[in-house]
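**Q** sequence plus the predicted model coming up.
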Amino acid sequence: MLLALEIIGIIFMITMIFIAIWGFILANQAYNQMRYQNYLLEKITQNIYMLACKLDGNRDNDNNNLKTEDNINEEK
């Protein structure tokens, strides 16, 4: 009876070690995938921000050009 309990205990420990190692591998892969996803989201956010800044800059330049043209036309 004691031998059977020892065998069951050893099998249980080996199974738990296998599950723990497999769980660590899966958690590590999920973590790396989340890091890569966050990196991509950060790059997309930066590019959208830069595009928005360029568009705002172009709008400001267009508004300044229109005001300058209006001033020139009024002086004539």
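**A** Yep, that arrived. Numbers count the residues shown, from 1 in each chain.

**Q** quick one, helices of this protein?
**A** In the chain, the helices defined using DSSP state H lie at 2-75.

**Q** residue ranges with poor pLDDT in it?
**A** 60-76 (pLDDT under 70).

**Q** if we use 80, what do you get?
**A** Applying pLDDT under 80 to the chain picks out residues 57-76.

**Q** contacting residues for Ala27?
**A** Neighbouring residues of Ala27 by C-beta atoms under 8 Å, 6 or more residues apart in numbering: there are none. For glycine as for every other residue, the C-beta is placed from the backbone atoms N, C-alpha and C.

**Q** would you mind measuring from it to Thr15?
**A** Note on Ala27: its distance to Thr15, by C-beta to C-beta, to the nearest Å, is 18 Å.

**Q** and Tyr39, by the same measure?
**A** Taking C-beta to C-beta, one finds Tyr39 at 36 Å from Thr15.

**Q** how about Ile25?
**A** According to C-beta to C-beta, Ile25 and Thr15 sit 16 Å apart.

**Q** go on, Gln29?
**A** As judged by C-beta to C-beta, Gln29 and Thr15 stand 21 Å apart.

**Q** now do Met1
**A** Relative to Thr15, and taking C-beta to C-beta, Met1 is found at 21 Å.

**Q** please identify which of these two sits among more neighbours.
**A** Higher neighbour count among Met1 and Thr15: Thr15, with 10 against 5, using other C-beta atoms under 10 Å.

**Q** please name the residues that touch the more buried one.
**A** Counting by C-beta under 8 Å, 6+ apart, Thr15 makes contact with nothing.

**Q** number of nearby residues for Leu5?
**A** Counted by other C-beta under 10 Å, the residues lying close to Leu5 total 9.

**Q** kindly report the same for Gly57.
**A** When counting by other C-beta under 10 Å, one arrives at 10 neighbours for Gly57.

**Q** how close does it sit to Leu51?
**A** According to C-beta to C-beta, Gly57 and Leu51 sit 11 Å apart.

**Q** I'm done for today, thanks for sticking with me.
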